[in-house]
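> Give me a 3D structure for the following:
(one chain, ligands or ions: 1)
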Amino acid sequence: MKSVYFFCASMVFLIACGGNKQESSELSLARENIDFAEKQLEILIANVGDTTYNPRTIEGSGMLHLIPSKDWTSGFYPGALWYMYEFTQDSTWMEEAIKYTFNVEQEQYNNKTHDMGFKINCSFGNGYRLTGNDEFREVLIQSAKVLSTRFNETVGCIRSWDHHQHLWQYPVIIDNMMNLELLFLATQFTGDSSFYNIAVSHADTTMKNHFRPDYGTYHVLDYDTITGEVLSKVTHQGYAAESTWSRGQAWALYGYTMCYRETGKERYLDLAVKIADFILNHKNMPADYVPYWDFDAPQIPDEPRDVSAAAIMSSAFFDLSKLVHKADFEIPKDSLSAEYKTVAETILTNLSHNYRNKVGEHAGFLLDHSVGSKPHASEVDVPIIYADYYFLEANKKYMESNP
Ligand code: GLY
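The predicted structure is shown next:
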């Protein structure tokens, strides 16, 4: 594919018109990441080929692991291709993005899981944002309708999983915060506030029950559907019930930052700042801000890092930096905003320099060293597509925040 650096060209122009050395290094990091992503994703596309399956990770043997649309990660690959189209304005990327976006189309009717936001918003949502295509918008609305059927008024939350029914009556996981963006979008599209109200109820109930006094998050809460009471607070992918699983903490940071952006409700910004405090001040957070897979993993520092958590955090910190700055209530805005931007950029820089694959490596994935589920010995220290998606998203926000 030809390299047309649409964003970068604009930045070159700005620098030529009086930029400084710092802007040059920002330009070069962003340009280099896009250049690298173009080469790697061309390889990934060639490896994926003409199929109705999308890529998730590589297996121990080095083989590409392709997944059907019902897998929770199926939207990230088309989403990454949409970001490439946004970076380059090259229609070839759009054609690829559309092709693999339609691989997940049937998920709009899948009522068996809460992962609708991941699957549909990352694929069709980005597609709609960049093209305004009405067909994409209809898919987003239909998906939000189906997701809403998983909401229980008594509990006040959307049910996450249907599996493990012998263990949990009504499991809600912190990851579920990421699906709320789709509901906010559906209210904007339709004017029907019921989507918005479900999202706010879910965010409020999760805020009340899912956090410890130090603002570390539990992974899984089980609710009683008759009384709405919490039955248990446990983990599935973390080290222990009382430990803080790093990707869960990243979902929480991203989720509440997004909820503040969509609602303007101060309580969500307040919580996002407290979640950020936990992340930034934790004794086990490494200096490069790429967390171990669990903040309380027992063998730290001899534990795998989770690059996916870092990429999600980088993207979220870019947003939080902007939102804190604009907040119209009492908060030390300037210092917090600058701190969050520095952290977001530090993570992005460290991922770019120390965790990126080399061109041609690992079937075309961008980043190495993510952890899917350590307790299940599944996808430990491997490339994973959602790390790549949030890495590209953070790169986009990096460029936007340094115009
Ligand atoms: N359920 C999404 C994740 O593993 O983070």
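
> who touches residue 232 in this structure?
168, 221-222 (Cβ atoms under 8 Å, 6 or more residues apart in numbering). C-beta coordinates here come from the backbone N, C-alpha and C atoms, glycine included.

> Export those as JSON lines, with columns for pLDDT.
Listed next are the contacts of residue 232 as JSON lines, based on pLDDT from 0 to 100:
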{"residue": "168", "pLDDT": "96"}
{"residue": "221", "pLDDT": "98"}
{"residue": "222", "pLDDT": "98"}
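
> Residue 344: which of those is nearest?
Residue 344 has its nearest neighbour among those in residue 221, at 28.9 Å by Cβ to Cβ.

> for that closest one, which residues make a bridge with it?
residue 172, residue 233 (DSSP bridges).

> Roughly how far does it sit from the ligand?
14 Å (Cβ to the nearest ligand atom, to the nearest Å).

> quick one: that residue and residue 87, what's the gap?
38 Å (Cβ to Cβ, to the nearest Å).

> Show the residue spans covered by the strands in the stretch 101-250 of the chain.
Secondary structure of the stretch 101-250 of the chain (DSSP state E, counting those that start in this stretch): strands at 151-152, 157-158, 171-173, 220-223, 230-234.

> ranking the contacts of residue 232 by neighbours, who comes first?
Neighbour counts for those (other Cβ atoms under 10 Å) peak at residue 221, which has 25 neighbours.

> Contact partners for that one?
171-173, 209-210, 230, 232-234.

> same thing with residue 270?
Per Cβ under 8 Å, 6+ apart, neighbours of residue 270: none.

> what pLDDT does residue 122 get?
Looking at residue 122, its pLDDT is 98.

> I'd like to know how far it sits from residue 306.
Taken as Cβ to Cβ, the span from residue 122 to residue 306 is 19 Å.

> what's the burial count for the closest residue to the ligand within the stretch 301-403 of the chain?
When scored by Cβ to the nearest ligand atom, the stretch 301-403 of the chain has residue 372 as its residue closest to the ligand, at 6.4 Å. As a burial measure, residue 372 scores 21 neighbours (other Cβ under 10 Å).

> That one sits in which helix or strand?
strand 370-373 (DSSP states H and E).

> Which strand or helix spans residue 74?
Short version, using DSSP H and E: residue 74 is in no helix or strand.

> on that earlier part again, who wins for neighbours among the contacts of residue 221?
Counting by other Cβ under 10 Å, top hit in these: residue 172 with 28 neighbours.

> How confident was the prediction at that one?
For residue 172, pLDDT reads 98.

> helices and strands around the longest helix seen in the chain, which ones?
Longest helix in the chain, counting residues (DSSP state H): helix 21-48. Contact partners of helix 21-48 among helices and strands, from 3 or more Cβ pairs under 8 Å, 6 or more residues apart in numbering; DSSP states H and E: helix 6-16, strand 54-58, strand 64-67, helix 76-88, helix 385-401.

> Report the mean per-residue pLDDT for the shortest one.
If you average the pLDDT over strand 64-67, you get 97.

> next one: the first one
Averaged across helix 6-16, the pLDDT comes to 40.

> Could you do the longest one as well?
The average pLDDT for helix 385-401 rounds to 97.

> was I right about residue 314 contacting residue 349?
No - using Cβ atoms under 8 Å, residue 314 makes no contact with residue 349, being 9.4 Å away.

> the more surrounded of these two?
residue 314 (28 against 18).

> Assign the more buried one to helix, strand or coil.
In three-state terms, and counting by DSSP: H, G, I helix; E, B strand; the rest coil, residue 314 is helix.

> State the pLDDT value of it.
98.

> Then residue 202?
Note on residue 202: pLDDT of 98.

> what does residue 60 give?
For residue 60, the pLDDT comes out at 80.

> Below-threshold pLDDT in the chain: ranges please.
For the chain, the stretches with pLDDT under 70 are 1-24, 26, 328-331.

> What residues does this structure have near the ligand?
With Cβ under 6 Å from any ligand atom as the criterion, the chain meets the ligand at residues 72, 175, 237, 247.

> residues contacting the closest residue to residue 379 other than its chain neighbours?
The spatially closest residue to residue 379, leaving aside those adjacent along the chain, is residue 372, at 2.9 Å (Cβ to Cβ, 6 or more residues apart in numbering). Contacts for residue 372 (Cβ under 8 Å, 6+ apart) come out as 57, 237, 378-380, 382, 384.

> Mind giving me the ChimeraX command for buried ones among those residues?
A single ChimeraX command suffices to select whichever of these are buried according to 16 or more other Cβ atoms under 10 Å:
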select :57,237,379,382,384
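
> Can you add distance to residue 63 and give the contacts of residue 372 back as CSV?
As requested, the contacts of residue 372 are exported to CSV (distance: Cβ to Cβ, whole Å):
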residue, distance to residue 63
57, 10
237, 23
378, 15
379, 13
380, 16
382, 12
384, 15
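
> quick one on the thing from earlier: in the longest helix of the chain, what counts as buried?
Quick answer for helix 21-48 (16+ other Cβ under 10 Å): 23, 26-27, 29-31, 33-34, 36-38, 40-45, 48.

> try stretch 91-100
By 16+ other Cβ under 10 Å, the buried positions in stretch 91-100 come out as 92-94, 96-98, 100.

> will you turn those residues into TSV that also has secondary structure and distance to residue 276?
Compiled in TSV, these are given as follows (DSSP: H, G, I helix; E, B strand; the rest coil; distance: Cβ to Cβ, whole Å):
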residue	secondary structure	distance to residue 276
92	helix	38
93	helix	33
94	helix	35
96	helix	35
97	helix	32
98	helix	36
100	helix	33
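
> And those residues, which is closest to the ligand?
Nearest to the ligand among the buried residues of stretch 91-100, with distances taken as Cβ to the nearest ligand atom, is residue 100, at 19.8 Å.

> closest to residue 366 among the contacts of residue 232?
residue 221 (33.0 Å).

> Please report the distance of that closest one from residue 249.
In terms of Cβ to Cβ, residue 221 sits 15 Å off from residue 249.

> do the same with residue 111
The value you get for residue 111 to residue 249, if Cβ to Cβ is used, is 29 Å.

> Give me the more crowded residue out of the two.
residue 249 (27 against 13).

> Many thanks, I have nothing further to ask.
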